[in-house]
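In: Generate coordinates for the sequence data below:
(2 chains)
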Amino acid sequence: MRKVLLMAMGIMLMTSSLLFAAGSAEDGDAKPERYALMMSHMTNAFTMELSDAVKSKAKELGVDLTVFDGGQDVSKQISQVESAINQGYAGILIEPASVDGIKPAAEAAKKAGIPLITVNQRITDQELASAYVGANPVEGGELEMRTAAEAIGGKGKVAFLLGPLGSDAQIGRTQGYYNVLKEYPGIEVAYEQSANWRTDEALKLVENWLQTGVELKAIVANNDGMALGALKAVEDAKMLDKIKIYGLDATPDALAAVKEGRLSATISQSTTEQGLVAMETIVKIVNGEKVPAEIIVGHTLLDKKAVDQMAKN
Amino acid sequence: MSLHSMRELGIVFVFAAILLILIILSPNAFARPANLINIIKQASINGILAMGMMFVIISDGIDLSVGSIVALTGVVSASFAHPGEYPLIVPIILALSIGLFVGWLNGVGVAVGNIPAFIVTLGMMTMIRGVALIVSRGAPVFGVTKAYEFIAGGFLFDRIPLLVVYFTIITLISAYILTKTVFGRRVYAVGGNDISAAFSGINVKKIRISVYMISGLLAGFAGLLLASRTVSGNPTAGQSYELDAIAAAVIGGVSMSGGSGKWYGTVIGALLIAVIGNGLDILNVSSHYQLVIKGAIIISAVLLDVKGKEKAA
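Out: As a prediction, the model looks like this:
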């Protein structure tokens, strides 16, 4: 058994080294231009949509694109950028695993003179990058909260489901909620807790909140995954007629729930658009064109009306 | 009452004390009968995993792969649960047999390959998470039938959540196997001293493979339940579930060095973890503090238990 295992591992190592060898053999010929996309991770609908969009644009522009998965580990992402610099990529797109920690990678790229664009999240030292393409999370949060506030008539208790505390999207979107709440003194935040983007955690949390008998008017979630967990808890408690639920990201399952009239609305941060624009922009930079330092892709509200309209088109 | 069973009671007192504190702090929400059922429901999935973990730990092993099995069986079973495609039995059988198969692989790695259980199941945890991401293309699987949703979302007599029913049945079966069968006694014997167990004619390899298969099977079932409960199969679900299952077993007095542990201790361990989570959510304790409090309670519960046993002995 052990021998078999050892042999299997050996074969795996050999095949992977062959793959790498094949990769470096391509170094010699300069065309087509090679670009690298560094994703913070590849484990949810958002990151898949973003990378698919970048890939499709690369194909359209006829350039070569390699996607790297950072596995939510900033040190891994830094090493990936460093290797990409050494391997002579023409440009790097990065969806950063950490807004602060990625600095050494951005510095290395700048030093090597390789254009680097941050996608979806700004980094702390944004001036090290050639450009930023993405949505403004604060705007997204504002749009979501404003929609919820108007729907409940500007008064009553609400609860917030937050992403992992300290992540850029969580901070920005939650900031957006509070910006809007300044205009609605009648709204009280009864609960505000992190469910780490996760459906199962949000489900448990909302189940527990509902046990207290608190009269919530709306649950506003930092992402759709958590909104769907909240939706399940509220439906199980047969309280969907009393509590409205809002999400953000416009994932396919959330859109389906909006279409069925269960989820009140979700907000699209135009993920595909971000990916398309980012790929286009990096090619422009590499070709010597001037681009603005910040390219903001807007958010759109997707309530039942908008989703039905989408289905018609 | 014998001295032996007195020793086992330490954790029961700790559990009662925590219940009492929460009842005093939150008489109107925590102590409501509906919430008590809610707590058992929330303890169920972890409790089922903890039952499998108990067999493995008593045999002097560990199974870190259960969280990933939950994710894989969740996404696979949800993929076969779309309306109008397959009968309900297909996703159920798939979840159970995948869990059983991964458990068998773990068992073979440990018993035949002689690789430490920590390493085998750590590797399996990583691999299976990868497979879950591959088969789901990194995004949640949604759009499941009502019947599939009913598996974990349904009620017995309109009152008792089915999750609680499964947890109870699995606990009773586990208790029976562990205390009343030859197999159960052999699991203790192998965990206590595998050399003397082998000398007394026990097929140690067979016992070891069996306990990982039990753990895998229950993890597969838990994956089915979680996907049904969240109405979606999520490749990132079940993260750190293995740690909660280990915590439940260990809080319940299952010794990490193998050979000892009681089923009712594990049940109390699982309930304790759910009680703490529920109580802190209801008291609106911030997620940051919740982590600190949970960890501290786990350590002090075991510490009090150990001290109590020392005194009794």
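
In: Near chain A, which residues of the stretch 101-250 of chain B are found?
Out: B:108-109, B:112-115, B:133, B:137-140, B:142-143, B:153, B:226, B:229-232, B:234-239 (CB under 8 Å from any CB of the partner chain). Using the backbone N, CA and C atoms, a C-beta is placed for each residue, glycine as well.

In: Give the PyMOL command for selecting the buried subset of those residues.
Out: The PyMOL command for the buried members of these (criterion: 16 or more other CB atoms under 10 Å in any protein chain shown) is given here:
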select buried, chain B and resi 108+109+113+115+133+138+139+140+142+153+226+229+230+231+232+234+235+236+237+238+239
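
In: who touches the residue nearest in space to the middle of chain A in this structure?
Out: Nearest residue to the geometric centre of chain A (CA atoms, centre = their mean): residue A:46, 5.1 Å. Going by CB atoms under 8 Å, 6 or more residues apart in numbering or on different chains, residue A:46 touches A:223, A:249, A:251, A:271.

In: rerun that using 7 Å as the cut-off
Out: Applying CB atoms under 7 Å, 6 or more residues apart in numbering or on different chains to residue A:46 gives the contacts A:249, A:271.

In: Look at it and tell me its secondary structure.
Out: Local secondary structure at residue A:46 is given as helix here, using DSSP: H, G, I helix; E, B strand; the rest coil.

In: how near is it to residue A:252?
Out: 11 Å (CB to CB, to the nearest Å).

In: okay, and the common contacts of the two?
Out: With CB under 7 Å, 6+ apart, residue A:46 and residue A:252 have no common neighbours.

In: all helices for the stretch 1-150 of chain A, in order.
Out: Along the stretch 1-150 of chain A, counting by DSSP state H, counting those that start in this stretch, helices occupy A:2-25, A:45-61, A:74-86, A:103-112, A:137-151.

In: and if you look at chain B?
Out: Ranges of helices within chain B are B:3-8, B:10-25, B:33-58, B:66-79, B:89-111, B:117-135, B:146-153, B:162-180, B:182-192, B:194-199, B:204-229, B:241-251, B:263-282, B:287-312, based on DSSP state H.

In: For the nearest residue to residue A:131 once chain neighbours are set aside, which residues count as its bridge partners?
Out: Excluding the flanking residues, the one nearest residue A:131 by CB to CB, 6 or more residues apart in numbering or on different chains is residue A:117, at 4.9 Å. Counting by DSSP bridges, residue A:117 is bridged to residue A:93, residue A:131.

In: and what of residue A:296?
Out: residue A:134.

In: Can you tell me the number of residues neighbouring it?
Out: 14 (other CB atoms under 10 Å in any protein chain shown).

In: any idea how far it lies from residue A:197?
Out: Counting by CB to CB, the gap from residue A:296 to residue A:197 is 23 Å.

In: Same check on residue A:178?
Out: 20 Å.

In: repeat for residue A:39
Out: Between residue A:39 and residue A:197 the computed distance is 16 Å (CB to CB).

In: Please identify which of these two sits among more neighbours.
Out: Neighbour totals were compared for residue A:39 and residue A:197, and residue A:39 leads with 27 against 24 (other CB under 10 Å).

In: Grab the nearest non-local neighbour of residue B:142.
Out: The nearest residue in space to residue B:142 (CB to CB, 6+ apart) is residue A:253, at 3.7 Å.

In: ok, now which ones touch the one you found?
Out: So residue A:253 contacts A:228, B:140, B:142, B:232 (CB under 7 Å, 6+ apart).

In: Assumed residue A:247 was part of a strand.
Out: Yes - assessed with three-state DSSP, residue A:247 lies in a strand.

In: what bridges to it?
Out: Under the criterion used here (DSSP bridges), residue A:247 is bridged to residue A:266.

In: Counting neighbours, what do you get for it?
Out: Neighbours around residue A:247, by other CB under 10 Å: 32.

In: How about residue A:239?
Out: Around residue A:239 there are 13 residues (other CB under 10 Å).

In: One more: residue B:256?
Out: If we define neighbours as other CB under 10 Å, then residue B:256 has 11 of them.

In: Most remote residue from the middle of chain B, which is it?
Out: residue B:84 (32.3 Å).

In: now that residue: how far from residue A:253?
Out: Using CB to CB, residue B:84 is found at 18 Å from residue A:253.

In: so what are the domain limits for chain A?
Out: Structural domains assigned to chain A are A:24-135+A:271-297, A:137-268, following automatic domain parsing.

In: Compare those domains and give me the one nearest residue B:79.
Out: Shortest distance between residue B:79 and these, using CB to CB, is found for domain A:137-268: 13.3 Å.

In: tell me how far the closest one is from the chain's mean position?
Out: 17 Å (CA atoms, centre = their mean, to the nearest Å).

In: For chain A, give me the ranges with low pLDDT.
Out: A:1-31, A:313 (pLDDT under 70).

In: Could you tell me which residues of the stretch 201-313 of chain A lie near chain B?
Out: When proximity is defined as CB under 7 Å from any CB of the partner chain, the stretch 201-313 of chain A approaches chain B at A:203-205, A:207-209, A:211-213, A:228-229, A:232, A:236, A:253, A:256.

In: what about the residue lying closest to residue A:101 once chain neighbours are set aside, neighbour count?
Out: Among residues not flanking residue A:101 along the chain, residue A:74 sits closest, at 3.8 Å (CB to CB, 6+ apart). Residues near residue A:74, counting by other CB under 10 Å, number 20.

In: got it, and residue B:82?
Out: 15.

In: just to revisit the earlier point, now the contacts of residue A:253 as a markdown table including distance to residue A:63?
Out: Shown next, in a markdown table, are the contacts of residue A:253 (distance: CB to CB, whole Å):
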| residue | distance to residue A:63 |
| --- | --- |
| A:228 | 37 |
| B:140 | 31 |
| B:142 | 34 |
| B:232 | 36 |
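
In: can you tell me which of those residues lies nearest to residue A:290?
Out: Among those, and counting by CB to CB, the member closest to residue A:290 is residue B:140, at 40.5 Å.

In: So the residue of the stretch 1-150 of chain A found nearest chain B versus residue A:148, what's the distance?
Out: Using CB to the nearest CB, the single residue of the stretch 1-150 of chain A nearest to chain B is residue A:45, 4.0 Å away. Between residue A:45 and residue A:148 the distance is 22 Å, computed by CB to CB.

In: One more: residue A:161?
Out: Distance from residue A:161 to residue A:148, by CB to CB: 12 Å.

In: which one of those two has more residues nearby?
Out: Set residue A:161 next to residue A:148 and count neighbours by other CB under 10 Å: residue A:161 wins out with 30 against 23.

In: is that one in a bridge, and if so with what?
Out: With DSSP bridges as the rule, residue A:161 is bridged to residue A:193, residue A:221.

In: Now for it: which residues touch it?
Out: Counting by CB under 7 Å, 6+ apart, residue A:161 has contacts A:193, A:195, A:202, A:219, A:221, A:222, A:226, A:230.

In: Might you quantify the distance of stretch A:44-62 from its chain's geometric centre?
Out: Mean-position distance between stretch A:44-62 and its chain equals 13 Å (CA atoms, centre = their mean).

In: All set, thanks.
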